[in-house]
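*Asks:* sequence? don't have it. structure:
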DNA sequence: ACTACACATCGACATCTGTCAATGTGTAGG
DNA sequence: CCTACACATTGACAGATGTCGATGTGTAGT
């Protein structure tokens, strides 16, 4: 596993092309966009992403995120992994702590794809 | 069942407030936004929505949509129902045919929520 | 080394989801 | 009425998903 350095994350395949409403989405592109939306389509992950995004330096420690939910630590870890694998969250380890940060471009592109705002 | 006349569709609960990145999403709001994204988070439904949106008059007959996929008619009907229930698609019956049309505002608001463009 | 801590992974489980074949419902023509 | 057609609903089933407890991994302090 080389992580997102060499492999193209789903989010990177969205940063192009016209919005949903402009022309029929090809089957291939739909298959690549869907996982991104699937990653977002969960209340906990939505809140996690929002929490990280609206944090002070645009990043948040897992320990903080854990405390914000009535869920087990493995569950939070799982959700963060999903958001990370899809390319919506960056992962940085500093000492014992792990920090997640949003990729603003990812959200912007996805929003444009759905909302129809010119990319 | 009174349909979307009296009950508030998920999509209508999104048309407000600040984007994900502005401030932490409340648990309640996350619970209401997630179903919308869940409805979108499927390759077939993405293509259906895109097909309808980019159709001539902004609406498309189910018969046309059926032909665009290698899926059974009930399956397409199911996906259209999901998109309709969540408020992304309007449903109109004319004679024997049923036409679906996108709600532009719904997509715009959802895109703004994700993309961070001011609502 | 040992312990404590932060986080990830694993295995198991109940629930949700996409799909189909079969059937139902309503509309229009003969 | 009876048939044909467009679409919806139902029931069933395999596969995906969210959750947890238990365990693994790596880092830092004593």
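*Replies:* Arrived safely, thanks for sending. Given the structure is predicted, the values throughout are model-derived calculations rather than measurements.
*Asks:* can you give me the helices in chain A?
*Replies:* Taking DSSP state H as the test, the helices found in chain A are A:27-40, A:43-53, A:62-67, A:73-85, A:104-115.
*Asks:* Going by neighbour count, list what's buried in stretch A:53-72.
*Replies:* A:53-55, A:58-62, A:65, A:69 (16 or more other C-beta atoms under 10 Å in any protein chain shown). C-beta coordinates here come from the backbone N, C-alpha and C atoms, glycine included.
*Asks:* can you put the helices of chain A in a markdown table and add mean pLDDT and distance to DNA strand D?
*Replies:* A markdown table is the format used below for the helices of chain A (pLDDT from 0 to 100; distance: least, C-beta to the nearest atom of the strand, whole Å):
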| stretch | mean pLDDT | distance to DNA strand D |
| --- | --- | --- |
| helix A:27-40 | 96 | 5 |
| helix A:43-53 | 98 | 5 |
| helix A:62-67 | 96 | 10 |
| helix A:73-85 | 98 | 3 |
| helix A:104-115 | 94 | 17 |
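*Asks:* Once you drop chain neighbours, what's closest to the spatially most central residue of chain A?
*Replies:* Closest residue to the average C-alpha location of chain A: residue A:88 at 2.2 Å, with C-alpha atoms, centre = their mean. Nearest non-adjacent residue to residue A:88, counting by C-beta to C-beta, 6 or more residues apart in numbering or on different chains: residue A:106, 5.3 Å away.
*Asks:* Number of residues surrounding that neighbour?
*Replies:* By the measure other C-beta atoms under 10 Å in any protein chain shown, the count of residues near residue A:106 is 23.
*Asks:* That one against residue A:84, yeah?
*Replies:* No - the pair residue A:106 / residue A:84 is not scored as a contact, 11.3 Å apart, by C-beta atoms under 8 Å.
*Asks:* follow-up on the earlier one: please produce JSON lines containing the buried residues of stretch A:53-72, extended by distance to residue A:33.
*Replies:* Formatted as JSON lines, the buried residues of stretch A:53-72 follow (distance: C-beta to C-beta, whole Å):
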{"residue": "A:53", "distance to residue A:33": "20"}
{"residue": "A:54", "distance to residue A:33": "25"}
{"residue": "A:55", "distance to residue A:33": "27"}
{"residue": "A:58", "distance to residue A:33": "24"}
{"residue": "A:59", "distance to residue A:33": "26"}
{"residue": "A:60", "distance to residue A:33": "26"}
{"residue": "A:61", "distance to residue A:33": "30"}
{"residue": "A:62", "distance to residue A:33": "28"}
{"residue": "A:65", "distance to residue A:33": "26"}
{"residue": "A:69", "distance to residue A:33": "27"}
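*Asks:* Just name the closest of those to chain B, please.
*Replies:* Proximity of those to chain B (C-beta to the nearest C-beta) peaks at residue A:53, which lies at 3.8 Å.
*Asks:* near chain B, which residues of chain A?
*Replies:* A:20-25, A:27, A:30-31, A:33-35, A:37-38, A:40-44, A:46-47, A:49-51, A:53-54, A:102, A:104, A:107-117 (C-beta under 8 Å from any C-beta of the partner chain).
*Asks:* Can you tell me which of those are buried?
*Replies:* A:20-21, A:24-25, A:30-31, A:33-35, A:37-38, A:40-44, A:46-47, A:49-51, A:53-54, A:102, A:107-116.
*Asks:* coming back round to it: can you list the helices of chain A in JSON lines and add distance to residue B:98?
*Replies:* What follows is the helices of chain A, written out as JSON lines (distance: least, C-beta to C-beta, whole Å):
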{"stretch": "helix A:27-40", "distance to residue B:98": "23"}
{"stretch": "helix A:43-53", "distance to residue B:98": "32"}
{"stretch": "helix A:62-67", "distance to residue B:98": "45"}
{"stretch": "helix A:73-85", "distance to residue B:98": "36"}
{"stretch": "helix A:104-115", "distance to residue B:98": "24"}
